[in-house]
Structure formats: C-alpha cells, structure tokens
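[1] take a look and give me a structure for this.
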Amino acid sequence: MRDIELYYKESGEGFPLILLHGNGESSDLFDAQIPVFSAIRHVFAPDTRGHGRSPIGQPPFSISRFADDLRDFMDGRGIEKADILGFSDGGNIALVFAMRYSERLSKLIVDGANLYPSGMKNSVYREIRRRCRKFDSDPSMEHEAKLYHLMTDEPDIKPWELNRITAKALVMAGTDDMIKERHTRLIAKNIPGAELRIIEGGHALCLDNPDGFNAAVTEFLTK
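    Prediction:
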C-alpha cells in the first residue's frame, strides 16, 4: 500500500523511460542523461524512497519495497508499460521489478547491478562493511546505516531467477567497476537474450563516461 509520494523529474514525450539512481543518490545523478534521452522518450526520474527529495515513509526500507514503489509510481502516473534504466542499486531495483512485474516492462537496462553483495569486488565490500559497523554504533547516523545495510544485506537474487525476465535487456558495467566483471557477465548470461556492454569508465558510467553511456543506451532504445 502506497504511504508516500516520490519526488521525480519529468521531461520529453513518447514512450516512457524511467531512470533509477543508485544508493545514497538522487535523480540529479542523471542530469547529463535527461536532456539526451528526453529527445526520444518521455523521461521520468524519481528519487527512491528515503533518497533525495523523497520521504522515507514506513518500514521496510528494502530493494523489494523500492520495486513495489516503482509499480505504485507507474500506477499513479497512468504508466502501463515503460522502459527502465537502473544504475547500481537502481539496477538491482530494476532486476527485482523485471522479475516481479514483467508485463509492465518493455526494455530493461541495468548498469553496475549485482545479484548479491559478494558480486562487489572484495576490497569494496570490506570497506562498505567497515562503514556499516561504524554507522551502526552511532545513533546520529541511523539513516546512513540504513543505506549501507542495503549494500551489505541486499540484494539476494539467484542467477537462475533472472530467467523470468522477458524484456529485451542490456547489461552494462565499467571497465573499472566496483562490481566484478565476471558477476556482470553472470547477470547477462542468465537474462534470456540479454546484450552485454563493458564500457570504459568506473562504476558510475553516466558520470565517468557520459558520452559512451548515452550512446550505448540510445542505440539500445532506438534499434
């Protein structure tokens, strides 16, 4: 049941494209993408629950809840079906949504997503765990602890569960991503017919290499 309204940016016209940012971020992440993609799609870029300008609402605070929030967001805007692009935790939300609400999705793009925490490089995972313990011990950092627990405790997707996804899919990651390349390849291998693109850049390709990122996404959406 919907308990909050998500803040969102909207631009363009045509078939809907929903952009989902990563952990601790907001729709501002896509400031270099919205003008480009709005030339070919009706772009919606919401702030996830408890991120940016969206309220946190009632528990739970989880990837699963965020996927249901996306369904409610679409319902509230009369969006029957959309293309969805998710980065990092936004990609994880998109994967859960694609498995749960396949009939609401036309094309799926995930960048820097992971199926479970150990999909991250070991050094990154250890640092996130360290920060999580630090925030857990400081009551004033309660919200930061919630954000970091999203990365240490979630998601929990079995590779074969991706076989449920029926949308045309593009799986992306950076050459210097915080996600292990073999893990990104595992995701692509298990989504039927998915395309794989490893693009020059780090984890946040939309910031590190916006031209390469925008070109790959535009090509996938328009072909």
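[2] could you pull out the strands for the protein?
    Using DSSP state E, the strands of the chain run over residues 8-11, 16-20, 42-46, 82-87, 105-111, 168-174, 195-199.
[3] tell me which of these lies nearest to residue 66.
    With Cβ to Cβ as the criterion, residue 66 lies closest to strand 16-20 of the strands of the chain, at 8.3 Å. Every C-beta, even on glycine, is put in place using the N, C-alpha and C of the backbone.
[4] partners of the closest one, with directions?
    Applying DSSP bridges, strand 16-20 is found paired with strand 42-46 (parallel), strand 82-87 (parallel).
[5] what is the burial count for residue 23?
    As a burial measure, residue 23 scores 16 neighbours (other Cβ atoms under 10 Å).
[6] now for it: which residues touch it?
    If you count contacts by Cβ atoms under 8 Å, 6 or more residues apart in numbering, residue 23 has them with 88, 89, 147, 150, 151.
[7] what is the burial count for the first one?
    In other words, residue 88. Neighbour count of residue 88, defined by other Cβ under 10 Å: 25.
[8] same check, this time on the third one
    Neighbourhood size, residue 147 [other Cβ under 10 Å]: 19.
[9] give me the contacts around stretch 50-63.
    For stretch 50-63, the surrounding residues in contact (Cβ under 8 Å, 6+ apart) are 3-7, 21, 24-28, 46-49, 89, 92-93, 96, 143, 146-147, 150, 154-155.
[10] of the residues you listed, buried ones?
    6-7, 21, 24-27, 46-49, 89, 92-93, 96, 146-147, 150, 154-155 (16 or more other Cβ atoms under 10 Å).
[11] and the two most separated of the contacts of residue 23?
    Spanning the widest gap among those are 88 and 147, at 11.8 Å by Cβ to Cβ.
[12] what's the separation between the spatially most central residue of the chain and residue 25?
    Nearest to the mean C-alpha position of the chain, by Cα atoms, centre = their mean, lies residue 90 at 1.5 Å. Taking Cβ to Cβ, to the nearest Å as the measure, residue 90 falls 8 Å from residue 25.
[13] same question, residue 120
    As for residue 120, its distance to residue 25 is 17 Å (criterion: Cβ to Cβ).
[14] what about residue 202, neighbour count?
    The tally of other residues near residue 202 (other Cβ under 10 Å) stands at 15.
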